[in-house]
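Enquirer: compute the structure for the input listed below.
(2 chains)
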Amino acid sequence: MAHAAAIGDNRSGMPQRRLPSAKKSDRQFKWLLVTPAVLLILAISIYPLVFSIWVLFVNYDFQIPGHAFVGLKNFQQVVTDPVFRYSLWVTVALTVANVAIEFLLGLGIAMLLAKSFRGRGLIISIIIVPLFISPVIVGQAWALLLQRPFGPTNYLLSQLLGHEVTIGWLTEFPFNFIALVVADVWQWTPFMFVILLAGLTAIPPHVYEAAELDGVGGWQVFRHITVPHIAPMMMLAITFRLLDAIRMFDTIFIMTGGGPGTQTYTTSFYLYTIGFAQFHLSRATAGAWIFLVLTLLVIVFLVRRLLKPEAK
Amino acid sequence: MADVKIKGLYKRYGSFEAVRGIDLDIPDGEFTVLVGPSGCGKSTLLRTIAGLEEISGGEIAIGGEVVNDMRPRDRDVAMVFQDYALYPHMTVRNNIGFGLKARKMPQPEIDSRVDAAATMLGITALMDRLPRQISGGQRQRVAIGRAVVRNPRLFLFDEPLSNLDAQLRDEMRGEIKRLHRDISTTMIYVTHDQIEAMTLADRIVLMRDGVIEQEGAPLDLFERPATTFVAGFLGSPKMTFLSGRMVRVEGAVTIALDDGPRLPLPEGRIPDVADGRAVILGVRPEHISRATGPAAAPGSARLDAVIEFLQPTGSRTYATFRLGRAQVMAEFEAHDTGRPGETVPLDLNLSRASMFDAATQRAI
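Expert: Here you go, the predicted model:
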C-alpha cells in the first residue's frame, strides 16, 4: 500500500521527500505489479495470435502428421470452399434480418414506454428478462417450443388456422431461418429497447412542447426531433448488436446444428465445424483471419460513425 | 391579439392542488407578469393557458373562445421556455421557421417572416449556426424569434431569463420590453424575480400557494401591499417588519414597538383599529434616513439605533441596525453612513410606511 500511495503522490506533482534508493525499488515494484496481467495477456491473447499466423502458412491438421509449409494453400482451400462462401451470405442475411427487426421492434416498444404510466417499471422489468438468459438456454427453449411433433407451436397454429399444421421449424427451409431469427429477436430486442429508451427519456420534454405549440405533427416530430436526438444512441445500439450478431453461433448449434445439411451454417459455425469437428486447424485459422478482416471493415466503419458526433 | 379570461381554475396532481381556484382577466395587449416564490403555481398556471397541462376544473378563454379542450397547437399561442427548447440539430434559420413550415406556409413567406424576426432581434449573422454554437443570450433571442415569427395572438414566457447571467438578463429584459412595445400582443410572463416583475409588467399577479395574493399595477402593489407577504416579496432589499401595538395617548395615536420606542403615527395614516391591537409596521429601507436637523420632519418618527453592519453597493449603502430583537435595514447615501457599533439617529418616514394586522397579516 505504501508503495502504491507513493506512486499516486508522484503523479500529483507534489514535492517528494524520498531517498534515491526507495525511488529505484518503487520503479521495480510497479513492474512487478503489472507482470501478472501482462503475462496473462501474452499467454492467452498475444501468443495464440502470433501462433495463428504461423499456422496460416503450414499444414496444421490433426489428420495429417507434420507441419509442412504450404504457402497460401490454406487460404485457397477456404476461399474455394462453396460452404464457406455460402456461410458468409447466411451470416450477412441473418445479421441484417436480426438487427433490423430487433432495432425496429426495440424502437417501437421504447417509444410506447417512453412516457411514464402506472405499471411501466414492471413492464420494463419483464421485457428485459431475456437479456439475462444464456443464449444456449434460449436456443434450447425455442427448440422445445418449435420441435415437431411435440412442440406446442404447430398445435397452436393448427387450432388457430383450423387445419393441421406440420411445419418442421428446425429442418425445413425457410422455417428454420425464421426460427433462428425469432429466437434471436426474442433474446436481443430488449437490448435495443433499453438503449433506445435511455435515449428517448433523455430528450428534454420542453422540445416536444415547443414543437406541439409550433403545430408540428406526429411524423414530423419523430423525423425532426426524436430521430436526431437519439441518432447517437441508435448508432450505438446497432453497432453493439451488429458486432454480436455477426458471431451468431449458440442458437444455431442448439436449434439446427447448421442443418439441414449445411443450410444454416453461419461463418462462425462453419469455422467451428472445420476446426473443432473436422480438425482442419489450418483451414479454420485461414477462414477465421478472412472473417476477421471482413468483420473489421464493418467495425471500423461503424465505430468511426459512432465517434463522429463526439468529435464535433 | 386576444384577451385571456380565467374562471375558477383548478389544477391537481393527485391530492396536491397546484392551482386553487384562480380568477383572472387579462385585457388584450397587456403585459402581465405572474410572480411568486417557487412552487406557488405560476408556471402551472401558464402551462394550463398554453394547454401543456390539462386543467382539473374551471375555464380558460382566449379571445372569447373557451380553449379547455383545445390542443396546444390550435390555441394560436407561442411560448418561450427557460431552457430555450431549441431544436438542437437545426440551424437558427430552421429553428425559427420550423413552425411555419409545419403549418405549410409557402417558403417565400417563411423566408421573409424569418428574416424580419431575425432583424428585429439582431441575430441575422447567426442564421446558419446551430444552437450549440451560439451563446445563451443568443439562444434565447432565437427562441423569442421562433415565437414572434408565428405572429400568435398570445405570448407566454416561462422564466425566459433565469438561465442568463445578470448582465445579459438586464439587457434581455429591455429587449422584451421593446418587443412588447413594438408588437403590442398580449403577453403573460412568469418569473420569480421581483425586479423583472416590477420592470416589465403592466400588471403584476402575485401568487402564493396556488392562489392570487394580490394583483395590480407594479407601483400599486409596491406602495400598497395587501399583505405582509406581498410587502416582503416586492422590493429589494426587503421591507423591514416591526411588530407592536396600537396605543392611544391623549388623542395621539402611536405604535408601541414590542421592544422599543413609541412611534407617533401621522395624520391620515391612522388605521381604524381598536386600541391595544397587535399590528405590524412595515418600513422600506428607502424610507429610513439618517436624521438631520433638531426634530423629525412631519410624518416621520425619530429614534436612535446602533449600526450593526454596512453593505455598500457603490451608489447607495445599506445599513443594518438592531432595534430590540428586530433588524432594520436603511438605505443611505454612499458616504456619510457612520461605522458599525456607532449609534445613529434615524428618521422613519411613517407616512410612507405600511401597517398590517398581526393576526391576519393583511393591510390596515
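Enquirer: any figure for the gap between the closest residue to chain A within the stretch 51-200 of chain B and residue B:58?
Expert: At 3.2 Å from chain A, residue B:99 is the closest residue in the stretch 51-200 of chain B, using CB to the nearest CB. C-betas here are computed from N, CA, C, even on glycine. Taking CB to CB, to the nearest Å as the measure, residue B:99 falls 28 Å from residue B:58.
Enquirer: between these two, point out the one with more neighbours.
Expert: Per other CB atoms under 10 Å in any protein chain shown, whichever of residue B:99 and residue B:58 has more neighbours is residue B:99, with 23 against 17.
Enquirer: what's near enough to touch that one?
Expert: A:213-216, B:146, B:149-150 (CB atoms under 8 Å, 6 or more residues apart in numbering or on different chains).
Enquirer: same check, this time on residue A:273
Expert: Residue A:273 neighbours (CB under 8 Å, 6+ apart): A:258, A:265.
Enquirer: could you look up the SS state of it?
Expert: Following DSSP: H, G, I helix; E, B strand; the rest coil, residue A:273 is assigned to helix.
Enquirer: residues near the residue in the stretch 201-312 of chain A that chain B sits nearest to, how many?
Expert: Residue nearest to chain B within the stretch 201-312 of chain A (CB to the nearest CB): residue A:214, separated by 3.2 Å. Using other CB under 10 Å, residue A:214 has 26 neighbouring residues.
Enquirer: wait, it sits on residue B:149?
Expert: No. Look at residue A:214 against residue B:149 with CB atoms under 8 Å: they stay out of range, at 9.9 Å.
Enquirer: tell me the domain boundaries of the chain?
Expert: Reading this off chain A. What automatic domain parsing lists as the domains of chain A is A:17-73, A:75-311.
Enquirer: my bad, the chain I had in mind was chain B
Expert: B:4-226, B:240-357.
Enquirer: need these in a markdown table (columns: distance to residue B:232 and mean pLDDT).
Expert: Converted to a markdown table, these look like this (distance: least, CB to CB, whole Å; pLDDT from 0 to 100):
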| stretch | distance to residue B:232 | mean pLDDT |
| --- | --- | --- |
| domain B:4-226 | 8 | 93 |
| domain B:240-357 | 7 | 85 |
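Enquirer: tell me the most buried of those domains?
Expert: Most buried of the domains of chain B by mean neighbour count (mean count of other CB atoms under 10 Å in any protein chain shown) is domain B:4-226; its value is a mean of 19.
Enquirer: ends of it, how far apart?
Expert: One end of domain B:4-226 to the other measures 24 Å (CA to CA, to the nearest Å).
Enquirer: could you look up the next helix or strand downstream of the least confident helix or strand in chain A by mean pLDDT?
Expert: Sorting the helices and strands of chain A by mean pLDDT, DSSP states H and E puts helix A:2-12 at the bottom, at a mean of 44. Later in the chain than helix A:2-12, the nearest helix or strand by DSSP states H and E is helix A:20-41.
Enquirer: and the following helix or strand past that following helix, what's its mean pLDDT?
Expert: The C-terminal neighbour of helix A:20-41 among helices and strands, as given by DSSP H and E, is helix A:47-56. For helix A:47-56, the mean per-residue pLDDT is 91.
Enquirer: immediately after helix A:47-56, which helix or strand?
Expert: Counting by DSSP H and E, what follows helix A:47-56 is helix A:73-79.
Enquirer: endpoints of stretch A:128-140, how far apart?
Expert: Stretch A:128-140 end-to-end distance (CA to CA) = 19 Å.
Enquirer: then stretch B:25-40?
Expert: OK, stretch B:25-40 end separation, CA to CA: 19 Å.
Enquirer: who's in contact with that stretch?
Expert: B:1-6, B:42, B:45-46, B:180, B:184-194, B:196-197, B:200-210, B:213, B:233.
Enquirer: just these: which are in strands?
Expert: The strands, defined by DSSP state E, take in B:4-6, B:186-191, B:203-208, B:213 from the contacts of stretch B:25-40.
Enquirer: now, the most widely separated pair of those?
Expert: B:186 and B:208 (23.9 Å; CB to CB).
Enquirer: skipping adjacent residues, who's closest to the residue of the stretch 201-312 of chain A closest to chain B in space?
Expert: Spatial nearest neighbour of residue A:214, excluding adjacent residues (CB to CB, 6 or more residues apart in numbering or on different chains): residue B:99 at 3.2 Å.
Enquirer: following the helix or strand where that neighbour lies, which helix or strand shows up next?
Expert: For residue B:99, the element it lies in under DSSP H and E is helix B:92-102. The C-terminal neighbour of helix B:92-102 among helices and strands, as given by DSSP H and E, is helix B:107-121.
Enquirer: and that next one, what other elements does it pack with?
Expert: With contacts defined as 3 or more CB pairs under 8 Å, 6 or more residues apart in numbering or on different chains; DSSP states H and E, helix B:107-121 has these neighbours: helix B:92-102, helix B:136-148, helix B:166-183.
Enquirer: show residues contacting it.
Expert: B:92-93, B:96-97, B:100-101, B:105, B:124, B:127, B:141-142, B:144-145, B:148-149, B:151, B:175, B:179, B:182.
Enquirer: enumerate the residues of chain B near chain A.
Expert: B:50, B:52, B:71-73, B:77-79, B:81, B:83, B:85-90, B:98-99, B:102-103, B:146, B:150 (CB under 8 Å from any CB of the partner chain).
Enquirer: using CSV, write out every CA atom in stretch A:237-257.
Expert: Provided in CSV are the C-alpha atoms of stretch A:237-257 (Å, rounded to 0.1, in the frame of the first residue of the first chain):
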residue,chain,number,x,y,z
ALA,A,237,-27.2,0.1,-30.2
ILE,A,238,-26.9,-1.0,-33.8
THR,A,239,-23.1,-1.2,-33.6
PHE,A,240,-23.0,-3.2,-30.4
ARG,A,241,-25.7,-5.5,-31.6
LEU,A,242,-24.1,-6.0,-35.1
LEU,A,243,-20.8,-6.9,-33.6
ASP,A,244,-22.5,-9.6,-31.6
ALA,A,245,-24.9,-10.8,-34.3
ILE,A,246,-22.0,-11.4,-36.7
ARG,A,247,-20.7,-14.0,-34.4
MET,A,248,-24.0,-15.9,-34.2
PHE,A,249,-23.3,-19.4,-33.1
ASP,A,250,-25.1,-20.7,-29.9
THR,A,251,-28.7,-20.8,-31.1
ILE,A,252,-27.6,-22.4,-34.4
PHE,A,253,-25.6,-25.0,-32.5
ILE,A,254,-28.6,-25.9,-30.4
MET,A,255,-31.5,-25.4,-32.7
THR,A,256,-30.5,-26.5,-36.2
GLY,A,257,-27.0,-27.8,-35.8
